[in-house]
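Trainee: A structural model of the following input is requested.
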Amino acid sequence: MTGLLLALAAGAVVGLALGALGGGGGVLTVPALVYLLGFAPVEAATASLVIVTATSATALYGHARDGRVRWTAGLLFAAAGAGPAALTSSLAAGVPRPVLTAAFAAVAVLAALRMLAPAPEDRDGDERDRGGESRDERDRGRASPDEPERGGGGGGATGARSTRWLRAAGAGAGVGALTGFLGVGGGFLAVPALVALAGLRMRAAVATGLLVVTANALVALTARAGTAAPVDWAVVAPFTGAAVLAAWDGRRLAARVPAALLRRIFGWGLLAVAALMAADTAARLL
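Mentor: Next up is the predicted model:
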């Protein structure tokens, strides 16, 4: 019973993070499975991919229904990460526990710093102008969802856009490798990369990042099929169910609570998780 309650509580936190922020929840999933529910790191990474895939797909559906997903940008970013995700997923099984734990801790620190850093201005908010039209509505009426949303035109901008997309492909490959190796979604890296490199606004980047997370996690999970330890569905199923339900609430929460506050809360939580994992690694090496 205690394990079930812990799985439900942890799943709710993960779902809220993914639904509200488009990332960070996957980084919490593995430590929760390891330290609260007794999974080995490799088993936790596989279970995390199941949870992240289902939860991200649920949150993605809600954002897609609202018209915020930029499909071309997201699919290109995810395609760049598919190969690395499959490759690193097959390598993770042979890595010693202290190495995996240290890697998780480093990723948690990186995710926390991303969340605590000032985010680009969210110019895709829901505020209404004097005419009563939301910015989302104006954006949908002004440009195709798959067109870059920022930056100027002209022939001189073509080379800059090409360079930016090449950098985005490199970032996508890095996110995919991280997903396959550690079982985290990588949304905390995908979202700022989509803002900086693909020219998306923050809300569109959060929504599109969920597409990237879903695709990469699905590829990595497929690569592990038949080689990973069996999934403990008695724990993973309630964890996933709670995360899926909470992802809907996370999307609503993001519309009511300032994004900066949500990022700070999850960011400090991730730093605490990183400290716990670093201490565990040190204890095992001493």
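Trainee: Three-state assignment for the nearest residue to residue 37 once chain neighbours are set aside, please.
Mentor: With C-beta to C-beta, 6 or more residues apart in numbering as the criterion, residue 37 has its nearest non-adjacent residue at 5.5 Å, and that residue is residue 235. (Each C-beta comes from the backbone N, C-alpha and C, glycine too.) Under DSSP: H, G, I helix; E, B strand; the rest coil, residue 235 falls in the helix class.
Trainee: pLDDT value on residue 235, please?
Mentor: Note on residue 235: pLDDT of 92.
Trainee: quick one: it and residue 104, what's the gap?
Mentor: Using C-beta to C-beta, to the nearest Å, one obtains 18 Å as the distance from residue 235 to residue 104.
Trainee: can you check residue 270 too?
Mentor: Distance of residue 270 to residue 104, given as C-beta to C-beta: 11 Å.
Trainee: what is in contact with the two at once?
Mentor: Taking C-beta atoms under 8 Å, 6 or more residues apart in numbering as the contact criterion, the common neighbours of residue 270 and residue 104 are residue 27.
Trainee: still on that earlier bit, between residue 235 and residue 104, which one's more packed in?
Mentor: A count of neighbours by other C-beta atoms under 10 Å puts residue 104 above the other of residue 235 and residue 104, at 26 against 21.
Trainee: doesn't residue 29 make contact with that one?
Mentor: No - contact criterion C-beta atoms under 8 Å: residue 104 and residue 29 do not qualify, at 10.4 Å.
Trainee: mean confidence score for the host helix or strand of residue 190?
Mentor: Using DSSP states H and E, residue 190 sits in helix 187-196. The average pLDDT for helix 187-196 rounds to 83.
Trainee: other residues contacting that helix?
Mentor: Here helix 187-196 makes contact (C-beta under 8 Å, 6+ apart) with 18, 21-27, 56, 70, 73-74, 77, 110-111, 114-115, 119-120, 168, 171-172, 174-175, 178, 200-202, 204-206, 208-210, 212-213.
Trainee: alpha carbons of whichever helix or strand comes after it, in PDB - could you do that?
Mentor: Downstream of helix 187-196, the next assigned helix or strand under DSSP H and E is helix 202-224. Taking C-alpha atoms only, helix 202-224 is exported to PDB below (Å, rounded to 0.1, in the frame of the first residue of the first chain):
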ATOM      1  CA  MET A 202       7.700  30.100 -25.200                       C
ATOM      2  CA  ARG A 203       4.200  28.600 -25.100                       C
ATOM      3  CA  ALA A 204       4.700  27.100 -28.600                       C
ATOM      4  CA  ALA A 205       8.100  25.800 -27.600                       C
ATOM      5  CA  VAL A 206       6.600  24.100 -24.500                       C
ATOM      6  CA  ALA A 207       4.000  22.400 -26.600                       C
ATOM      7  CA  THR A 208       6.400  21.500 -29.400                       C
ATOM      8  CA  GLY A 209       8.900  20.200 -26.800                       C
ATOM      9  CA  LEU A 210       6.300  17.600 -25.700                       C
ATOM     10  CA  LEU A 211       6.300  16.300 -29.300                       C
ATOM     11  CA  VAL A 212      10.100  15.900 -29.200                       C
ATOM     12  CA  VAL A 213      10.000  14.200 -25.800                       C
ATOM     13  CA  THR A 214       7.200  11.800 -26.900                       C
ATOM     14  CA  ALA A 215       9.000  10.800 -30.100                       C
ATOM     15  CA  ASN A 216      12.500  10.400 -28.500                       C
ATOM     16  CA  ALA A 217      11.100   8.400 -25.500                       C
ATOM     17  CA  LEU A 218       9.200   6.100 -27.900                       C
ATOM     18  CA  VAL A 219      12.200   5.500 -30.000                       C
ATOM     19  CA  ALA A 220      14.400   4.800 -26.900                       C
ATOM     20  CA  LEU A 221      11.800   2.500 -25.400                       C
ATOM     21  CA  THR A 222      11.500   0.500 -28.700                       C
ATOM     22  CA  ALA A 223      15.300   0.100 -28.800                       C
ATOM     23  CA  ARG A 224      15.200  -1.400 -25.300                       C
END
